[in-house]
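> No sequence on hand, only this structure:
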């Protein structure tokens, strides 16, 4: 017969797993928000953009629900060591996911502004989509690293953030050139710049999520350190 402590331990494990599953569900919802926002931008679909903005409340609701679940588990189970780190990682991760959801809504709102104003020319559409694909891949990999506590994937995401930053700076330079050549494009270019900045921030949040995975597994806070230092901690290189 299983002891009371064994039963309690199994219950605790089940509660932790349920929380992790909800985080991945939230991640899937946020990923869908980004994909739809980018599709709305690429296809000039203001109705889809409006739906993305409307659905942002679903992301917010999941954050609140998961945060409350973590608080309940901590209060009831008095989690320590790796279990406490897991719960801390979850709380930080859902904060970044909620902010990614905000960035998706921002892309959708800018899309509405661009196309409802009748300004159809997108000067940097291809480049924006390219960096968006990188940032979206980072989010997917960050969620994968979270699900499997995979330090190799986590380190890859952190390294990719440098590429997103480089692409973002390139977009800025190109937009400045457009504005200088044709002042009529200034308002429109600024709106595209807001979209590019939202994509860059998505990459930042995916990077944060991957750093939390390293903290979970290694017990070391690798935020605000170099990529090389994180790779040494994560991969033992």
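Alright, I've got the coordinates. Note that the coordinates shown come from a computational prediction; the quantities given were computed from them, not determined experimentally.

> Show the low-confidence segments of this structure, by residue range.
1-8, 77-80, 118-126, 221, 233, 237 (pLDDT under 70).

> Try it again at 50.
Under the criterion pLDDT under 50, the flagged ranges of the chain are 1, 124.

> That one: strands as residue ranges?
Ranges of strands within the chain: none, based on DSSP state E.

> Identify the spatial nearest neighbour of residue 18, chain neighbours not counted.
Spatial nearest neighbour of residue 18, chain neighbours left out: residue 69 (7.6 Å); criterion: C-beta to C-beta, 6 or more residues apart in numbering. (Glycine included, C-beta is placed from N, CA and C.)

> how about the one you found, what does it touch?
Residues counted as contacts of residue 69 (C-beta atoms under 8 Å, 6 or more residues apart in numbering) are 15, 18, 19, 22.

> next one: residue 33
Shown in contact with residue 33 (C-beta under 8 Å, 6+ apart): 52, 55, 56, 59, 100, 101, 104, 105.

> Pull out the buried positions in the helix ranked longest in the chain.
Among the elements of the chain assigned as helix by DSSP state H, the one spanning the most residues is helix 4-43. Buried residues in helix 4-43, defined by neighbour count with 16 or more other C-beta atoms under 10 Å: 12, 15-16, 19-20, 22-23, 26-27, 29-31, 33-34, 36-38, 40-41.

> what do you get for stretch 214-228?
Buried residues in stretch 214-228, counting neighbours by 16+ other C-beta under 10 Å, are found at 214, 215, 216, 217, 222.
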